[in-house]
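Novice: Generate coordinates for the sequence data below:
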Amino acid sequence: MTRADILFQQGDHVVARFHDLVQGEGVQANQFAIRHGEQGALIDPGGDLTYTPLTIELSRHLNLRDLTYILASHQDPDIIASLPRWMLHSQCKVAVSRLWSRFLPHLASTFVTSRVGEQWQERILALPDKGAILPFADSELWALPAHFLHSVGNFSFYDPLSRILFSGDIGASLGGEEGEVSRFEDHIPAMAGFHRRYMAGNRACRYWVRMVRELNPAMIVPQHGGYFASRVTIGRFLDWLERLECGPDLMGVEHYRLPGRVGAHPNRTK
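Specialist: Numbering: from 1, shown residues only. Next comes the predicted model:
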């Protein structure tokens, strides 16, 4: 696929990563495409910033009206804000946590919902908390629980043929290595601030790491920044995340005070 990193190619199965489609002030974000025969899936396709360049790239290799799935790790704008366009211009189904499935119509105008009609809700695959296995031609794609990392309804996606785990915001980095991470210790500062603030606690980190160790993926590919593609860097990343204190772990009473002087009530005057 032109202008994409080909992460895996074997026969008619191709996995591509787009990392340079965001222009302007938007946060860097990766988009992913999986092609298996004539079918295709998009993972975390993004918003209006990426829709046009992404469709141009995909149209060279896929008939967009035959797109099978959009897989959304969670509900953020850089994940799924372009949903109305995909609903209009393809026949894809959209897999997302059941917690967010009824919120997605808020992304669309009356014009879009009137054009899509009753198909809108029928094309939303509301994923249960335990995850799901989605048929994909003669293969499948897995939705794996990643709740509270960082969204309350959050999934990682796994392609069993390539053994690539698409981890969403888990492992995301800003300002570190943009391709395959080769120097993990040097990469930590690009991940640390984001994870400490956005992830909702060490307990969820530990549970996700335990599941991923059992999966033993060949790659872990986040939605922002570089990715992990060797046994060494994957192991070091999982070790780091397993020990990470984040979110509520780092909060104290000093973070929940009224504004202004300590002890002062905002509606009181002298």
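Novice: Quick one: residues contacting Leu99.
Specialist: Counting by C-beta atoms under 8 Å, 6 or more residues apart in numbering, Leu99 touches Val152, Gly153. All C-beta spots, glycine's among them, are computed from the backbone N, C-alpha and C.
Novice: switch to 6 Å and redo it
Specialist: By C-beta atoms under 6 Å, 6 or more residues apart in numbering, the contact set of Leu99 is Gly153.
Novice: quick one: it and Pro128, what's the gap?
Specialist: The spacing between Leu99 and Pro128, counted by C-beta to C-beta, to the nearest Å, is 10 Å.
Novice: ditto for Ala229
Specialist: For Ala229, the distance to Pro128 (C-beta to C-beta) stands at 30 Å.
Novice: try Phe157
Specialist: Distance, Phe157 to Pro128, using C-beta to C-beta: 15 Å.
Novice: Same drill for the two, tell me which one is more crowded.
Specialist: Neighbour count, other C-beta atoms under 10 Å: between Phe157 and Pro128, Phe157 has more, with 27 against 10.
Novice: what residues are up against the closest residue to that one other than its chain neighbours?
Specialist: Using C-beta to C-beta, 6 or more residues apart in numbering and skipping the chain neighbours, the partner closest in space to Phe157 is Phe166 (4.4 Å). By C-beta under 6 Å, 6+ apart, the contact set of Phe166 is Phe32, Ile43, Phe157, Val221.
Novice: Repeat that for Gly11.
Specialist: Applying C-beta under 6 Å, 6+ apart, no residues qualify as near Gly11.
Novice: Surely Val14 is within a strand?
Specialist: Yes. Per DSSP: H, G, I helix; E, B strand; the rest coil, Val14 lies within a strand segment.
Novice: Let me see the ranges of the strands in the chain.
Specialist: Taking DSSP state E as the test, the strands found in the chain are 5-10, 13-18, 31-36, 39-43, 69-71, 93-97, 124-127, 132-136, 139-145, 155-159, 164-168, 219-222.
Novice: would you turn these into a markdown table with mean pLDDT and distance to Ala200?
Specialist: Shown next, in a markdown table, are these (pLDDT from 0 to 100; distance: least, C-beta to C-beta, whole Å):
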| stretch | mean pLDDT | distance to Ala200 |
| --- | --- | --- |
| strand 5-10 | 93 | 28 |
| strand 13-18 | 92 | 26 |
| strand 31-36 | 92 | 24 |
| strand 39-43 | 94 | 22 |
| strand 69-71 | 95 | 21 |
| strand 93-97 | 93 | 14 |
| strand 124-127 | 92 | 19 |
| strand 132-136 | 97 | 22 |
| strand 139-145 | 97 | 13 |
| strand 155-159 | 98 | 15 |
| strand 164-168 | 97 | 13 |
| strand 219-222 | 97 | 17 |
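Novice: May I see those strands arranged in a markdown table, with distance to Leu49 as well?
Specialist: Shown next, in a markdown table, are the strands of the chain (distance: least, C-beta to C-beta, whole Å):
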| stretch | distance to Leu49 |
| --- | --- |
| strand 5-10 | 19 |
| strand 13-18 | 12 |
| strand 31-36 | 11 |
| strand 39-43 | 15 |
| strand 69-71 | 16 |
| strand 93-97 | 19 |
| strand 124-127 | 23 |
| strand 132-136 | 27 |
| strand 139-145 | 25 |
| strand 155-159 | 22 |
| strand 164-168 | 18 |
| strand 219-222 | 18 |
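Novice: quick one: which of those is nearest Ile188?
Specialist: Proximity to Ile188 (C-beta to C-beta) singles out strand 219-222 among the strands of the chain, at 13.8 Å.
Novice: Show me what that closest one is packed up against.
Specialist: strand 164-168 (3 or more C-beta pairs under 6 Å, 6 or more residues apart in numbering; DSSP states H and E).
Novice: pLDDT weak spots in the stretch 51-200 of the chain?
Specialist: 108-114, 117-118 (pLDDT under 70).
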